[in-house]
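Student: prediction below, plus the sequence it came from.
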Amino acid sequence: MSFIEFIFLVIIAGICGSIGQAISGFSRGGCFLSIVIGFIGAVIGMAVADFLNLPEFFEFRAGDVTFPVIWSIIGSALFVALVGLLTRRR
């Protein structure tokens, strides 16, 4: 994986994480946290998809690495909603 491919994956993960935050209605942090949430959402989303035997709908390919865009958005929305439920409001 080249540096440019890695940058593309980070950008796609950031977009997916920010969309997941917008769907769940709970946003905390900035760009770096959106990237982390996008990668965590990809892991959670693919685990849910594998558990339910669902296909990958739309994936982004950078070199030999594929990134599940739809499952990342769904997983990040689930993750952020869970974090929002577990943290109390100020």
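Tutor: Thanks, I have it.

Student: so which residue is dead centre in the chain?
Tutor: Geometric centre of the chain, nearest residue: Gly38, 2.6 Å, by CA atoms, centre = their mean.

Student: pretty sure that residue sits against Ala13.
Tutor: Yes - Gly38 is within contact range of Ala13, at 3.2 Å (criterion: CB atoms under 8 Å). Every residue, glycine included, has its C-beta placed from N, CA and C.

Student: what ranges does the protein have for its helices?
Tutor: Using DSSP state H, the helices of the chain run over residues 3-24, 31-51, 69-86.

Student: got a list of contacts for the second one?
Tutor: Around helix 31-51, the neighbours that count as contacts under CB atoms under 8 Å, 6 or more residues apart in numbering are 10, 12-18, 20-21, 54-56, 67-68, 70-80.

Student: put the buried members of these into a ChimeraX selection.
Tutor: Here is the ChimeraX command that picks out the buried ones among those, judged by 16 or more other CB atoms under 10 Å:
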select :10,12,13,14,15,16,17,18,20,21,67,68,71,72,73,74,75,76,77,78,79,80
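
Student: so, low pLDDT: which residues of this structure?
Tutor: 88-90 (pLDDT under 70).

Student: picking up where we left off before, can I get the helices of the chain in a markdown table with distance to Ala62?
Tutor: Below are the helices of the chain laid out as a markdown table (distance: least, CB to CB, whole Å):
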| stretch | distance to Ala62 |
| --- | --- |
| helix 3-24 | 4 |
| helix 31-51 | 13 |
| helix 69-86 | 12 |
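
Student: if we can go back for a sec, so how far is Cys16 from the residue nearest to the centre of the chain?
Tutor: According to CB to CB, to the nearest Å, Gly38 stands 4 Å off from Cys16.
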